[in-house]
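[1] Requesting a structural model of the entry that follows:
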Amino acid sequence: NIVEKGKIIEAIGSVEIIDTNNEIKINGNIAKYDKKNQNVEIKGNVVFFDKLRNINVKSNLIIFERYEKKLYTYENTEINLFDNDNDKIRYNIKSNDAYIDQKKELLEFNQNVEFKDFINNYEIFTDKIEYDKTKELIKTFNNTEIKYKDNFIIQSTNIFFDRNINLIYSKENTIIKDKF
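    Model (predicted):
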């Protein structure tokens, strides 16, 4: 369906959107594309794959701002970040909602967040995570639990995890339990 003199394109059914460079592919049930602003809103069993940035996103609703390279997800979000060859999953993140700024390589996950690192063998459970891919810094908000290498459980609030130097720290009271 084309409306507003071709400015808006709507599609229902098995919708597939492929970027002109074949970098991005989006699938879902219902799509609305704003041609002028280059924004797409897609609902229902949405899958977003960006092979250049090694990311796969699944959610009930995704809004993608193409010019700004920003992605917003709503309800039942699952994100996989792959290695450079898109062969192995490095991280699997589940949350209710997420925000991704592809230009700045910033990711934010909100509500019931589960962040799993398959390479370094840890899991983070919290209410909110901000992840800066360029600095390799993970920041959690509110109550947080980290299961680290099946050896330690770390419980605190507002944790910082510097992945470059493998340092986990918090200014709040922290409990560390080991399995030995």
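
[2] how close does the residue nearest the centre of the chain get to Ile42?
    By CA atoms, centre = their mean, the chain has its centre lying nearest to Ile79, at 4.7 Å. As judged by CB to CB, to the nearest Å, Ile79 and Ile42 stand 16 Å apart. In short, each C-beta sits where N, CA and C put it, glycine included.

[3] Repeat that for Ser14.
    Taking CB to CB, one finds Ser14 at 12 Å from Ile42.

[4] what does Lys177 give?
    The gap separating Lys177 from Ile42 is 43 Å, by CB to CB.

[5] got it, and Ser59?
    9 Å.

[6] Pull up the overlap in contacts between Ser14 and Ile42.
    Common contacts of Ser14 and Ile42 (CB atoms under 8 Å, 6 or more residues apart in numbering): 27, 29.

[7] sorry, back to before: which of Lys177 and Ile42 has more neighbours?
    A count of neighbours by other CB atoms under 10 Å puts Ile42 above the other of Lys177 and Ile42, at 26 against 10.

[8] which SSE is the more buried one in?
    Using DSSP states H and E, the element containing Ile42 is strand 39-50.

[9] go on, Asn60?
    Assigned by DSSP H and E, Asn60 falls within strand 55-65.

[10] The helix or strand of the chain with the lowest mean pLDDT pairs with which strands, parallel or anti?
    Ranked by mean pLDDT, DSSP states H and E, the weakest helix or strand in the chain is strand 2-3, scoring a mean of 70. Its sheet considered, strand 2-3 pairs with strand 8-18 (antiparallel) by DSSP bridges.
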